[in-house]
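> any chance you could fold what I've pasted below:
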Amino acid sequence: MQLRVPTGVGVGVIGVIGVIGVIGVLISGFLVGGCVFDPSGLSFAGDADPAARDGGPGGDGAIDGDGDGADAACSPAPGGETCNGLDDDCDGAIDEGFDVGQACDGLDPDGCRDGQMVCNAAGEVVCEDPAGPAVDHCDGTDDDCNKGTLDGQGDPNVGLGCDGDDEDRCVEGVFACVDGVIVCGDATGPTVDLCNSVDDDCDPASLDGTEDPMLGMACDGVDLDLCTEGVYYSCAGGLLSCDDATGDLHELCNGLDDDCSGGTPDGMADLGVGMLCDGSTDGDLCAEGVTVCTGGVIGCSDATSTTPELCNGVDDDCDMVVDEGFGNSDPLCAGAILLGGGAVDGDRSNDTVATVGATEAWYRVEIRDTVAYSELLARVTLVSPAGADYDLHVYCESCGATPLFSSISHSGAMHTDLVTVTRPEVPMVDRSFDLLVEVRFHAGASLCGAWALTVEGNRTTNPRVECARP
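Model (predicted):
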């Protein structure tokens, strides 16, 4: 250790070697060259800053006794070295043992040691990292010093929307980091500009619909058919315009798809379908069916049989003639029809045979003899409807002679013609006979109607006529 004193005092430089070199200095209050040594506080008279130590302002740890810039002796501070930027233990080292100056990572989210350990005002060792958080850019480098983060994870461009190398300008992908390079993930094809009033290709310069694939394609206009008789030629207001100016094509009955619908029944719009019609197989002229389209041909659905003309004042067979074939048809006696079962008992019970009709006719019925010693009786009744009139003629055994009885009364209302035919009893002789009945249209009658004819055995009423044995 060396001690420097002022020059004018006559004391030279005292070299101190060991403890012997400072004789008398250990005595409290001893004056050496105008410098008072105070071992309790290490202060010296004339020191401008007795408290300054190494690391303080203007000093290096030793006390400057006379203010000339030279250091005096250092006294260790109680408690040893602390983290305060001073050499508290006077060993020539400052804040040793506290890792001051070592590289460190602050409280930012990265893992980079871009700060250093320092002492704060409270004497604590802290990491002073003035740098901001390091983000991991897409560059193939671990920018944030964190092996767990992906390359480019913090890059502000990664994840932003982007447009690929297609022909449109639409942002249909996002930027991604691939092998240290930012690339666009738009793998879509080009978006064409359709005719829909929307900027499909994201290019305001292209006109709406200019790339629509329907332009030039066949189209159907505003008619009622579905036939493509025109082409799309322009786009206006988001709609394609079709130049089909033809009229409606109707579905005719011809086996063709005239209206191009694919589902419309053949002939559905044919004016000849659905009309009333008369079949070709019956004998009347009545429209009892409708026209239908079958196999491309119009036919009639009338499957009814012939409607016969009746004597009823109606044109039943639709031939524009009423009750034709009735009236004076002059049937022949030889064609007389057996009435009912063909016979009644004339002398017992009350057998009855009957029929109805509307035309002139001949009928034959046997009046049988079944009981001896009894008169044979047969009552004949003909009822004519209102508005029509028929005459009753009765013959005995044969029709070639003059009628046995005729009733030719006439009336516009419903009325009855009747007669009782008798044959007297002849013992032990079969008196059975054939009775022939003729129904005739009354001469002068203008209307036809349905009559009713009845023959009753063993019944009598007036008038009575006798059918004698030949």
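
> go through stretch 279-298 and flag the buried ones.
Under the neighbour-count criterion of 16 or more other C-beta atoms under 10 Å, stretch 279-298 has 279, 282, 284, 286, 288-289, 291-293, 298 buried. For the C-beta atoms, the positions are set from N, CA and C on the backbone; glycine is no exception.

> ok, these vs V465, which is closest?
Relative to V465, the closest of the buried residues of stretch 279-298 is D284; by C-beta to C-beta it sits at 43.0 Å.

> shouldn't that closest one be in contact with M320?
No. Contact criterion C-beta atoms under 8 Å: D284 and M320 do not qualify, at 11.8 Å.

> same for the helix or strand harbouring H393, what does it pack against?
Here H393 is covered by strand 390-396, with elements defined by DSSP states H and E. Applying 3 or more C-beta pairs under 8 Å, 6 or more residues apart in numbering; DSSP states H and E, we find strand 390-396 packed against strand 376-384, strand 405-407, strand 415-423, strand 433-441.

> will you turn those into CSV that also has mean neighbour count and mean pLDDT?
Formatted as CSV, the helices and strands packed on strand 390-396 follow (neighbours: other C-beta atoms under 10 Å; pLDDT from 0 to 100):
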stretch, mean neighbour count, mean pLDDT
strand 376-384, 23, 95
strand 405-407, 17, 91
strand 415-423, 20, 94
strand 433-441, 21, 93
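
> which of the ones you listed sits closest to A269?
Per C-beta to C-beta, nearest to A269 of those: strand 433-441, 52.2 Å.

> which strands and helices lie in contact with that closest one?
strand 361-368, strand 376-384, strand 390-396, strand 451-457.

> quick one: strands adjacent to it?
As defined by DSSP bridges, the strand partners of strand 433-441 come to strand 361-368 (antiparallel), strand 390-396 (antiparallel).

> send me it as PDB with only the CA atoms.
In PDB, the C-alpha atoms belonging to strand 433-441 read as follows (Å, rounded to 0.1, in the frame of the first residue of the first chain):
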ATOM      1  CA  PHE A 433    -158.900 -73.300 -77.800                       C
ATOM      2  CA  ASP A 434    -156.200 -70.800 -79.000                       C
ATOM      3  CA  LEU A 435    -156.900 -67.200 -78.500                       C
ATOM      4  CA  LEU A 436    -155.100 -64.700 -80.800                       C
ATOM      5  CA  VAL A 437    -154.600 -61.100 -79.700                       C
ATOM      6  CA  GLU A 438    -153.600 -58.300 -82.000                       C
ATOM      7  CA  VAL A 439    -152.400 -54.900 -80.700                       C
ATOM      8  CA  ARG A 440    -152.700 -52.100 -83.400                       C
ATOM      9  CA  PHE A 441    -151.700 -48.500 -83.400                       C
END
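
> quick one: that strand to strand 415-423, angle?
160 degrees (axes from the mean of the first three to the mean of the last three C-alpha atoms, to 10 degrees).

> quick check: angle from strand 433-441 to strand 376-384?
10 degrees.

> can you give the contact residues for stretch 370-379?
Contacting residues not belonging to stretch 370-379 are listed as 344-348, 365, 367, 369, 418-425, 427-428, 431-433, 435, 455-461 [C-beta atoms under 8 Å, 6 or more residues apart in numbering].

> buried subset of those?
Buried among the contacts of stretch 370-379 by 16+ other C-beta under 10 Å: 344-347, 365, 367, 369, 418-423, 431-433, 435, 455-459.

> with respect to D244, which of the buried residues of stretch 279-298 is nearest?
C293 (26.9 Å).

> next, count neighbours for G237.
For G237, the neighbour count with other C-beta atoms under 10 Å is 8.

> and what of the one 10 residues further on?
The local packing count at G247 equals 10, with neighbours defined by other C-beta under 10 Å.

> verify the stated contact: V380 with V421.
Yes. In this structure, V380 is within contact of V421 by C-beta under 8 Å, at 6.7 Å.

> got any residues that touch both of these two?
394, 435.

> and A334, that one's in a helix?
Yes. Applying DSSP: H, G, I helix; E, B strand; the rest coil, one finds A334 inside a helix.

> ok, the residue most central in space within the chain to D257 distance?
The centroid of the chain falls nearest to G263 when counting by C-alpha atoms, centre = their mean (20.5 Å). To D257, G263 is 9 Å away according to C-beta to C-beta, to the nearest Å.

> can you check what pLDDT the model gives V19?
Listed pLDDT for V19 reads 29.

> ugh, wrong one, A468
The model reports A468 with a pLDDT of 88.

> hang on, the earlier thing: tell me the mean pLDDT for the strand holding H393?
93.

> check stretch 132-143 too.
84.

> F405 and T422 touch, don't they?
No. When contacts are counted by C-beta under 8 Å, F405 is not listed as touching T422 (11.2 Å).

> mind listing the shared neighbours of the two?
With C-beta under 8 Å, 6+ apart as the test, F405 and T422 both reach V465.

> next up, phi/psi of E211, please.
Taking degrees, to the nearest 10, you get phi -110, psi 10 for the backbone angles of E211.

> what's near enough to touch it?
Contacts of E211 by C-beta under 8 Å, 6+ apart are 192-194, 201.

> most widely separated two among those?
L194 and D201 (9.2 Å).

> look at the residue found closest to T352 once you drop the neighbours it is linked to in the chain and report its pLDDT.
Nearest residue to T352, sequence neighbours excluded (C-beta to C-beta, 6 or more residues apart in numbering): E456, at 4.8 Å. What the model reports for E456 is a pLDDT of 97.

> contacts only, for E456.
344, 350-352, 378-379, 381.

> now, which of these sits nearest Q102?
T352 (144.9 Å).

> just checking, that closest one touches N458?
No. The pair T352 and N458 does not pass the contact test of C-beta under 8 Å, sitting 10.1 Å apart.

> which neighbours do those two share?
V344.

> quick one: low-confidence parts of the stretch 51-200 of the chain?
51-72 (pLDDT under 70).

> ranges for the strands of it?
103-104, 115-119, 125-128, 161-162, 173-178, 181-184 (DSSP state E, counting those that start in this stretch).

> D142 is nearest to which of the ones you listed?
strand 173-178 (13.0 Å).

> buried set for that closest one?
173, 175-177.

> state the distance from the nearest residue to G237 once chain neighbours are set aside to D212.
Residue nearest to G237 in three dimensions, not counting chain neighbours: S197, with 6.7 Å by C-beta to C-beta, 6+ apart. Relative to D212, S197 is positioned 12 Å away (criterion: C-beta to C-beta).

> any idea how far the closest residue to D151 other than its chain neighbours lies from V222?
Closest residue to D151 apart from its sequence neighbours, by C-beta to C-beta, 6+ apart: C177 at 5.5 Å. Here C177 is placed at a distance of 56 Å from V222 (C-beta to C-beta).

> burial measure for D244, as a count.
With other C-beta under 10 Å as criterion, D244 counts 17.

> in contact with it, which residues?
219-223, 228-230.

> also G97?
G97 touches E81, counting by C-beta under 8 Å, 6+ apart.

> can you rerun that using 10 Å?
G97 makes contacts with 80-83, 89, 125, as judged by C-beta atoms under 10 Å, 6 or more residues apart in numbering.

> make JSON lines from the residues you listed and add neighbour count to it.
Listed next are the contacts of G97 as JSON lines, based on neighbours: other C-beta atoms under 10 Å:
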{"residue": "G80", "neighbour count": "10"}
{"residue": "E81", "neighbour count": "19"}
{"residue": "T82", "neighbour count": "15"}
{"residue": "C83", "neighbour count": "22"}
{"residue": "D89", "neighbour count": "18"}
{"residue": "V125", "neighbour count": "16"}
